[in-house]
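Student: pasting the sequence and the predicted coordinates here, then a few questions.
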Amino acid sequence: MEKNSDPEYVQVCLTIRHYSAVCFAMRTLFLTLSVGLAVVGFGIIPQESFLVKATAKVFGFLATCFFWACEKNAVRYMSHMQERAAELEKLLGYRLWSGMPQSVYWFVGLSVVTPLAYGVIALFWLYAMIFVR
């Protein structure tokens, strides 16, 4: 057993926790921004200007693409750290990440739910830009 890996293992676990918190914060910020843009873009707050509504819809679509890309990167970093944690666990005799059971439902994983959610929201903004006046 190589105990020099223990500080690295602790750091890897802290990094996983950090990126998990980043994903949660990004989703919260994205939801808040999307609702605000929808309020303006759909005239819930009375706006007479077509340009203001159209701009809000375009920014809604762009924000969706931006947050989707950021989340994909954060999940990619987190996956890399989980793989490294599993490697270190073999050296240290731990089973926190390597012993984690897989989900029994394939459709609830991050690789399915996240693209589906952002994809539906992006389609919503595209529909709003084209068909909703």
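Tutor: On my side now, so go ahead. Numbers count the residues shown, from 1 in each chain.

Student: residue ranges with poor pLDDT in the protein?
Tutor: 1-4, 47, 107, 110 (pLDDT under 70).

Student: mind jotting down where the helices sit in it?
Tutor: For the chain, helices defined by DSSP state H occupy the ranges 6-41, 50-92, 110-131.

Student: next, the buried residues of the shortest one.
Tutor: In this case it means helix 110-131. Using 16 or more other CB atoms under 10 Å as the test for burial, helix 110-131 gives 114, 118, 121, 122, 124, 125, 128, 129. In this view, the C-beta of every residue, glycine as well, is placed from N, C-alpha and C.

Student: wait, which of the helices of the chain is closest to residue 103?
Tutor: Residue 103 lies closest to helix 110-131 among the helices of the chain, at 9.9 Å (CB to CB).

Student: tell me which residue lies nearest the centroid of the protein.
Tutor: In the chain, the residue lying closest to the centroid (CA atoms, centre = their mean) is residue 71, at 3.3 Å.

Student: who are the contact partners of it?
Tutor: For residue 71, the contact set (CB atoms under 8 Å, 6 or more residues apart in numbering) comprises 23, 26, 27, 114, 118.

Student: go with 7 Å
Tutor: Residue 71 sits next to 23, 26, 114 when contact means CB atoms under 7 Å, 6 or more residues apart in numbering.

Student: how many residues are close by the second one?
Tutor: In other words, residue 26. Residues near residue 26, counting by other CB atoms under 10 Å, number 16.

Student: returning to what we had before: okay, the helices of the chain in JSON lines with distance to residue 104 next?
Tutor: Putting the helices of the chain into JSON lines (distance: least, CB to CB, whole Å) gives the following:
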{"stretch": "helix 6-41", "distance to residue 104": "21"}
{"stretch": "helix 50-92", "distance to residue 104": "19"}
{"stretch": "helix 110-131", "distance to residue 104": "14"}
